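Colleague: Provide a 3D model corresponding to the input given below.
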Amino acid sequence: MWGFGLAALILLTDQASKALIATSMAPNQSIPLIGDLLRLTYIRNPASAFGLHLASPGT
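Modeller: Next up, the predicted model:
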């Protein structure tokens, strides 16, 4: 049963981080986390899910 709690915690953390980024960053803005080694960049991609292009061919 602890798996459901862990899944809920991950989902809650994911949604909270997305909401925080959407309200505090401008689109295409980057924030360095570890210099140039690791950056957090706010990108919107409404035409994709899981990195797969789901639009119909030719669009």
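Colleague: how about the residue nearest the centre of the chain, secondary structure?
Modeller: Nearest to the mean C-alpha position of the chain, counting by C-alpha atoms, centre = their mean, stands residue 18 at 5.8 Å. Assigned with DSSP: H, G, I helix; E, B strand; the rest coil, residue 18 falls in the helix class.
Colleague: From residue 5, how far off is it?
Modeller: Distance of residue 18 to residue 5, computed by C-beta to C-beta, to the nearest Å: 21 Å. Where you see a C-beta, it was placed from the backbone N, CA and C, and this is true even at glycine.
Colleague: quick one: contacts for the residue nearest to the centre of the chain?
Modeller: Contact analysis of residue 18 by C-beta atoms under 8 Å, 6 or more residues apart in numbering lists nothing.
Colleague: how does it look with 10 Å?
Modeller: The contact partners of residue 18, taken as C-beta atoms under 10 Å, 6 or more residues apart in numbering, are residue 42.
Colleague: got a pLDDT number for it?
Modeller: pLDDT, residue 18: 90.
Colleague: Strands of this protein, start to end?
Modeller: 30-34, 38-41, 48-49, 52-53 (DSSP state E).
Colleague: Give me the below-cutoff pLDDT ranges for the chain.
Modeller: The model of the chain has pLDDT under 70 over residues 47-59.
Colleague: at 90 instead, please
Modeller: 1-3, 35-36, 43-59 (pLDDT under 90).
Colleague: distance of the residue of it most remote from its centre from residue 8?
Modeller: Residue distances from the centre of the chain (C-alpha atoms, centre = their mean) peak at residue 1, which lies 27.2 Å from the mean C-alpha position. Applying C-beta to C-beta, the value for residue 1 to residue 8 is 11 Å.
Colleague: Spatially nearest residue to residue 33 (excluding sequence neighbours)?
Modeller: What sits nearest to residue 33 in space, not counting adjacent residues and going by C-beta to C-beta, 6 or more residues apart in numbering, is residue 40, at 5.7 Å.
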